[in-house]
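Asks: Next come a sequence and a model predicted from it.
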Amino acid sequence: IPPIKVKDFAEEVGMQANTLLKDLMGLGIMGNINYSLDEETLELLIDELDLPAKIAAPEEEEDFTCDGSKVKVDFEEDPADYRLRSPIVTVMGHVDHGKTTLLDMIRKTRVTESEAGGITQHIGAYQAISGDQKITFIDTPGHEAFTAMRARGAQLTDIAILVVAADDGIMPQTVEAINHAKAADIPLIVAVNKIDKPNAQPDRVKQELTEHGLVPEEWGGKTICVEISALKGENIDELMEMVLLVAEMEDIKANPNRPAEGVIIEAELDKGRGAVATVLVKNGSLKVGDPILAGSVCGRVKALVDEHGNRIDVAGPAMPVEVLGFNDVPKAGDFVQVLEDEKRAREISEERQEKEHQARIQTESKVTLEDFYDQI
Ligand code: GTP
Ligand code: MG
């Protein structure tokens, strides 16, 4: 089966392209109407949406869904409690263009050297201080295999930094990152990197950017471009200034006095500690003892560990934190929230597990993609 564009597929099955894009997002794929759906994605979509049935009857409203989305929590909050929080900035770009080196330079540590083969294979989250302001950074892998992770990164973020190596120019995953940022409707700052290299051609990068609808400010457009050398630390301060400037315009707020909401960045089973999940708190404060729900996994926060390995009692807005106490390993990308009590968290988690189980059984007895195309 040949790949098909989102808009064409939507037309074919009689859905709104926007609805389809939202469903795709639910699968961890950020696309636009020209996004090309391959066979695997189509298969997923058709299973996930139960498409032939959906066309006939619109889905019923439910208290919650089993894709890890939000449930209503009973609490009161005062709008006056909302205050500015640190921006969450995701660094994206093609493999080897210097994303991790840039974050190393910002944090002045040496993460790249300890990575296997120098290739980032997971999402990392760090807080850095620029002047007196904190910024939360998310590092994403540039390797083509990690599309879903980049999509998640784009969903988590307030601002994207697109790293483009000046000796290499715009490459496939650069374009992909531009599309993720567009689909998630987040502001994008371009860091033209490796300008220390003798064969660097920053102007060529800018020329190529215009071909993707990003016209640099100095050429009369709206796209902020900063020429940097992540390795030598050149113009990093300027880049940080631009990030804070854009953050200020975005007016990013959160309420530290409400129950926490956030996203699972990564999670694994640790031999000694059990399920360990890195959670990025987007709103509210996460505390030791809180009953939590992430997708179909629940638990109670036993311990919180910050990025420096210190145990803490509370993690506030924009803080990445390791959470111990989930009774199973939650899925990266799932929404995390604090519920009223452990009983409700357990009930919802059990119901979601049952739904997932049913969905799996159904999938196994599902029609093939070819059958589906024969029907429409
Ligand atoms: P992935 O995470 O695998 O996508 O790569 P990445 O974008 O994180 O690239 P990384 O930071 O690992 O850098 C790749 C290589 O480029 C390393 O050898 C870096 O030392 C080198 N590099 C990064 N930035 C610069 C720079 O500004 N100048 C020069 N000369 N080399 C750089
Ligand atoms: Mg990297």
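Replies: In hand now; what should we look at? Ligands and ions are numbered 1, 2, ... in the order given.

Asks: Pull out the buried residues from stretch 206-213.
Replies: Judged by neighbour count (16 or more other CB atoms under 10 Å), stretch 206-213 contains these buried residues: 206, 208-209. Just so you know, the C-beta spots here come from the backbone N, C-alpha and C atoms, and that holds for glycine as well.

Asks: How about stretch 176-189?
Replies: Here stretch 176-189 shows 176-184, 186-189 as buried, counting by 16+ other CB under 10 Å.

Asks: Also stretch 118-126?
Replies: 120, 123-126.

Asks: what does stretch 134-141 give?
Replies: So stretch 134-141, judged by 16+ other CB under 10 Å, has buried residues 135-141.

Asks: any idea how far the residue in the chain that ligand 1 sits nearest to is from ligand 2?
Replies: Proximity of the chain to ligand 1 (CB to the nearest ligand atom) peaks at Gly142, 2.6 Å away. In this structure, Gly142 and ligand 2 are 6 Å apart, going by CB to the ion, to the nearest Å.

Asks: and the nearest residue to that residue once chain neighbours are set aside, what does it touch?
Replies: Leaving aside its sequence neighbours, Gly142 sits nearest to Val95 (CB to CB, 6 or more residues apart in numbering; 3.7 Å). By CB atoms under 8 Å, 6 or more residues apart in numbering, Val95 lies in contact with 119, 141-144, 173.

Asks: So which of the buried residues of stretch 176-189 sit within strands?
Replies: Counting by DSSP state E, these place 188-189 in strands.

Asks: Using TSV, lay out the buried residues of stretch 176-189 together with pLDDT.
Replies: Supplementary listing: these in TSV, determined by pLDDT from 0 to 100:
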residue	pLDDT
Glu176	92
Ala177	92
Ile178	94
Asn179	92
His180	89
Ala181	90
Lys182	90
Ala183	87
Ala184	85
Ile186	92
Pro187	95
Leu188	96
Ile189	98
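
Asks: Mind putting the buried residues of stretch 176-189 into a markdown table with distance to Lys355?
Replies: Converted to a markdown table, the buried residues of stretch 176-189 look like this (distance: CB to CB, whole Å):
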| residue | distance to Lys355 |
| --- | --- |
| Glu176 | 31 |
| Ala177 | 33 |
| Ile178 | 35 |
| Asn179 | 31 |
| His180 | 28 |
| Ala181 | 32 |
| Lys182 | 32 |
| Ala183 | 27 |
| Ala184 | 27 |
| Ile186 | 31 |
| Pro187 | 36 |
| Leu188 | 36 |
| Ile189 | 40 |
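
Asks: so of the buried residues of stretch 176-189, which ones are in helices?
Replies: 176-184 (DSSP state H).

Asks: Include distance to Thr223 when you put those into TSV, please.
Replies: TSV is the format used below for those (distance: CB to CB, whole Å):
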residue	distance to Thr223
Glu176	17
Ala177	13
Ile178	10
Asn179	15
His180	16
Ala181	11
Lys182	12
Ala183	17
Ala184	16
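
Asks: helices and strands around the lengthiest helix in the chain, which ones?
Replies: If you go by DSSP H, the chain has its longest helix at helix 342-364. In terms of contacts (3 or more CB pairs under 8 Å, 6 or more residues apart in numbering; DSSP states H and E), helix 342-364 is packed against helix 39-49, strand 291-294, strand 297-305.
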